[in-house]
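Undergrad: give me a model of this one.
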Amino acid sequence: RATLDGIWEATARFAEAYRDPTTFGLDRDLLERLLPDGDLSALARRVFAFPFLQGTHGEIKLDLLNPSDEADRRILLGIDHAGELDRPDYDEHLAWHEEIAARLWEGDPPQLWEAAQRLLDLGHDRHDVLHVLIEIAERIGDDPEELSIALDDIADIPDEPPV
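TA: Take a look at the predicted model:
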């Protein structure tokens with residue numbers, strides 16, 4: 001009986017001392033916005049495409065924006081480019097970021113995320129990586145096979161990434 005009492009007391013203290021493991025990681029609401037299709041393998045590439053999903057930006061409550069919605073995507077990517085509003089090609093540039101974000105969201109082609117990961121692993125900045133992906137997609141156009149080949153060939157970012 002003393003042993004069972006000891007175990008019971010230790011178990012009660014354990015629950016008080018340690019955090020609930022279900023509270024670790026990302027909030028459920030954020031996960032539901034990032035994974036509406038339940039595709040856990042898409043999580044990293046979607047977070048890469050949309051890094052600002054919590055908190056506020058000015059009057060905008062980021063927690064209310066849905067990255068799977070095109071209008072909300074534009075707002076999220078605009079926030080990511082808040083310092084570039086005076087750019088003469090701002091709308092076109094943002095449209096290319098939307099294109100790459102949509103492709104990353106869908107994972108199509110898979111080589112897009114693989115190329116981004118290789119460049120990130122080499123220590124390159126997220127935004128520079130996106131610009132390289134944009135430059136390749138812009139240069140290649142809509143030919144999926146040629147785009148996949150070009151993305152497979154990415155080894156490093158040139159000294160001066162395209163803007």
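Undergrad: C-alpha from now on. contacts and neighbour counts both.
TA: OK.
Undergrad: after the worst-scoring helix or strand of the chain on mean pLDDT, next one along is what?
TA: Lowest by mean pLDDT, DSSP states H and E among the helices and strands of the chain is helix 2-17, with a mean of 75. As assigned by DSSP states H and E, the chain's next helix or strand after helix 2-17 is helix 28-34.
Undergrad: show the end-to-end separation of stretch 117-125, please.
TA: In stretch 117-125, first residue to last residue: 11 Å (C-alpha to C-alpha, to the nearest Å).
Undergrad: for stretch 53-67, same thing?
TA: Using C-alpha to C-alpha, one end of stretch 53-67 lies 8 Å from the other.
Undergrad: look up how far residue 65 lies from the nearest residue to residue 61 once chain neighbours are set aside.
TA: In this structure, residue 61 finds its nearest non-sequential neighbour in residue 55, 6.2 Å apart by C-alpha to C-alpha, 6 or more residues apart in numbering. Using C-alpha to C-alpha, residue 55 is found at 11 Å from residue 65.
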